[in-house]
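**Student:** pasted the sequence and its predicted model underneath.
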Amino acid sequence: MVDTPLLDTVTLPADTRTFTRDQIKQLANEVRSEVIDAVSVTGGHLGAGLGVVELTVAIHHVFNTPDDKLIWDVGHQCYPHKVLTGRRERMRTIRKGGGLSGFTKRAESEYDPFGAAHSSTSISAGMGFAVARDLDGRNNNVISVIGDGSITAGMAYEAMNNAGASDSRQIVILNDNDMSIAPPVGAMSHLLSRTVSSGGYQALRGAAKRIVKDAPRPIKNTAKKAEEYTRGMFMGGTWFEELGFQYVGPVDGHDLDALIPVLENVRDMKTGPVLIHVVTQKGKGYAPAENSADKYHGVSKFNVVTGEQSKSIPNAPSYTKVFANSLIHEARKDDKVVGITAAMPGGTGMKEFGQVFPDRMFDVGIAEQHAVTFAAGLAADGYKPFCAIYSTFLQRGYDQVVHDVCIQNLPVRFAMDRAGLVGADGPTHAGAFDIAYLGCLPNMVLMAAADEADLARMVATAAARNDGPTAFRYARGEATGIEIPEDPQPLEIGKGRIIREGSQVAIYSYGTRLGEALLAAERLDSHGLSTTVADARFAKPLDSELLHRLAREHDVLITIEEGSVGGFGAFCLHDLSASGALDSGVKIRTMVLPDTFIDQDTPELMYKQAGLDADAIVERVFAALGREQAAVRA
């Protein structure tokens, strides 16, 4: 544990409000050390949190949280916030089963008024809190902290456009830590920011507005342009002013002597929406994170002294890596293949693709809706776009998938990483719904890879298909370790495969539960239940011939998938019902994710909790047969 004498006296943010400026600086240093020490033990998000230590301390020192509402966009920078808000003792449980979430979470603390793990929601949510306050006649502050990457998303623009036209008082803090909107200019910048946010300046500005209120329009326009020109020339805030925000900044987010007075001045403003432009550095105060912000955004356990992260030696490549290599292989054969990602080149494998084909990889920023329609435009003009977006992020572009892709039957290829349960990131990143929300769309072909060889074949299948949209899902983490074909060939659309033959029980798997299905089959065989295991490969179109054979030739048919109700199992039941096959007497049971959000843990324990492991399959078979005998546990 690190030495933190001042932090040891802080239980809640109110404890900091009597601190002197020097004590606040010391507290920031101690919070930074605490975060580094905690994350070195647990792993998690590091760089973003280190970049906002001073900002976090200053906000809680100046504002009356939790009555004043503090909303963090995305939430991966909230570790210092958690340290200061009564959760310090649990920081070494972060992202673990039964521990703290890696993001803000309403159920966790009253200091988390709004949960987040996807980006660009904070200004919209903040406006909701501000309007609710106004309707109730309360007077608390609402502060939304949004990063420079998140503010590029369409939702943030929509929120600013709405908030800027509103009289509701809302504070937006733009944390500029990468994409420099306007560089800080030292002491002059601090002086200007403090002056612009001060009561004296606000009074002068108000007086000037009153003077020209009844003046002829030309004089009003001239006065307005003169102020905008002056402020824009020195501080670059004209764009935000045009949206209706009072702009303050840029402010050095690590200089508490500059930051605290600005926050105090803005706190005391009685105007409408205000935007404070704060410039910070990701990884601030920890040299390895400062020197390599991308590698220290999310980390595994690491040595605090050296910064070296502990990495297990993989037994197989990750599914993401397999996708990247497979797409590169297809792109070498066809110059019409292009890749698209929405601000996740590393997480989706598009970084590797872009290194080989820099002119054919497009990172559109945090803009999933745009990514989908951009891909549709490329497809409409003869290209073969692979739109690589996490399953849970693609939800944001759903209308575009329906309207711009499927209705027009355009050959966009959706590569959905993080399918199923994903471990430490918890329910916000779990790809639970894509089978259901894509499988109901006309013209869509839907696939799921059970292993890396099939993932490579599915990339080839998607590249070869030009008569409509295709989507394929794959899991996070290591693949199975089997050999991948050197030149993967396309699969026959809508055809599954038999993995092992039996006669009494059939397990029909869609996706990476295939390994558990095979393990369950071995256990069932040991109980005298001859078991078939089939890999569906396709949820749409279904392999009806294979499905009907499994139903016809077995006493029990189990479907299993890493998705919600309404997906693969529902498609199978619908197909069998439509043909009358359900009247044959076969006992059919569908196994899906439960109708709840499962908190973070290891994927293995999450699937056990969800009832989608080998033990659960065996128990489901016994239950279907009406047997009392319990499954033999591993």
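**Tutor:** Thanks, I have it.
**Student:** how is the protein divided into domains?
**Tutor:** Here the domain parsing of the chain from automatic domain parsing is 7-299, 319-473, 497-625.
**Student:** if you compare these, which one is most tucked away?
**Tutor:** Among the domains of the chain, ranked by average contacts under mean count of other C-beta atoms under 10 Å, first place goes to domain 319-473 (a mean of 22). C-betas here are computed from N, CA, C, even on glycine.
**Student:** what about stretch 392-411, how long is it end to end?
**Tutor:** 21 Å (C-alpha to C-alpha, to the nearest Å).
**Student:** report the distance from stretch 399-419 to the chain centre.
**Tutor:** 19 Å (C-alpha atoms, centre = their mean, to the nearest Å).
**Student:** and stretch 301-315, by the same measure?
**Tutor:** The answer for stretch 301-315 is 24 Å, by C-alpha atoms, centre = their mean.
**Student:** ok, now stretch 262-281?
**Tutor:** On C-alpha atoms, centre = their mean, the centre of stretch 262-281 falls 27 Å from that of its chain.
**Student:** again, but for stretch 125-139
**Tutor:** 27 Å.
**Student:** what residues does that stretch touch?
**Tutor:** With contacts defined as C-beta atoms under 8 Å, 6 or more residues apart in numbering, stretch 125-139 is touched by 69, 71, 113-114, 116, 140, 142-144, 159, 162-163, 166, 168-170, 172.
**Student:** among the residues you listed, which are located in helices?
**Tutor:** In helices, defined here by DSSP state H, the members of the contacts of stretch 125-139 are Ala159, Asn162, Ala163.
**Student:** ok, the second one - contacts?
**Tutor:** In other words, Asn162. Ser124, Met127.
**Student:** how much space separates it from Met155?
**Tutor:** In this view, Asn162 and Met155 are 11 Å apart by C-beta to C-beta, to the nearest Å.
**Student:** the most centrally placed residue in the chain: what's it in contact with?
**Tutor:** Centroid-nearest residue in the chain: His118, 4.3 Å away (criterion: C-alpha atoms, centre = their mean). By C-beta under 8 Å, 6+ apart, the contact set of His118 is Val74, Thr392, Phe393, Arg396, Thr428.
**Student:** for the closest residue to Val592 other than its chain neighbours, which three-state class applies?
**Tutor:** Nearest residue to Val592 in three dimensions, chain neighbours excluded: Val565, at 5.1 Å (C-beta to C-beta, 6 or more residues apart in numbering). Using DSSP: H, G, I helix; E, B strand; the rest coil, the structure places Val565 in coil.
**Student:** now do Met447
**Tutor:** strand.
**Student:** for it, give the beta-bridge partners.
**Tutor:** Phe472, Phe538 (DSSP bridges).
**Student:** distance check, it against Val459.
**Tutor:** Distance from Met447 to Val459, by C-beta to C-beta: 10 Å.
**Student:** what bits of this protein have low per-residue confidence?
**Tutor:** 1, 178-237, 628-634 (pLDDT under 70).
**Student:** spit out the residues that contact Asn162 and Met155 alike.
**Tutor:** Ser124.
**Student:** ends of stretch 533-548, what's the gap?
**Tutor:** Stretch 533-548 has its terminal residues 14 Å apart, counting by C-alpha to C-alpha.
**Student:** that stretch: how far from the chain's middle?
**Tutor:** The answer for stretch 533-548 is 31 Å, by C-alpha atoms, centre = their mean.
**Student:** which residues does it contact?
**Tutor:** 435, 438-439, 444-448, 450, 454, 458, 491, 493-500, 502, 506-510, 514, 517-518, 521, 550, 561, 567-568, 571-572, 575-576, 579, 581.
**Student:** what's the burial count for Thr306?
**Tutor:** Per other C-beta atoms under 10 Å, the neighbour tally for Thr306 reads 8.
**Student:** helices of the stretch 151-300 of the chain, start to end?
**Tutor:** All helices of the stretch 151-300 of the chain, identified by DSSP state H, counting those that start in this stretch, fall at 154-164, 186-197, 199-212, 217-235, 238-242, 256-267, 287-291.
**Student:** all strands for the stretch 451-600 of the chain, in order.
**Tutor:** Ranges of strands within the stretch 451-600 of the chain are 470-473, 497-500, 505-510, 531-535, 538-540, 556-561, 587-591, based on DSSP state E, counting those that start in this stretch.
**Student:** any idea what Ile558 is bridged to?
**Tutor:** Ile507, Arg589.
**Student:** and it, how far is that from Val618?
**Tutor:** 10 Å.
**Student:** same thing with Leu605?
**Tutor:** On the measure of C-beta to C-beta, Leu605 and Val618 end up 18 Å apart.
**Student:** hey, where'd the strands end up in the stretch 301-450 of the chain?
**Tutor:** Ranges of strands in the stretch 301-450 of the chain, per DSSP E, counting those that start in this stretch, are 337-341, 361-363, 384-388, 413-416, 445-448.
**Student:** could the ones you listed be laid out in a markdown table, adding distance to Thr271?
**Tutor:** As requested, the strands of the stretch 301-450 of the chain are arranged in a markdown table below (distance: least, C-beta to C-beta, whole Å):
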| stretch | distance to Thr271 |
| --- | --- |
| strand 337-341 | 39 |
| strand 361-363 | 37 |
| strand 384-388 | 42 |
| strand 413-416 | 44 |
| strand 445-448 | 51 |
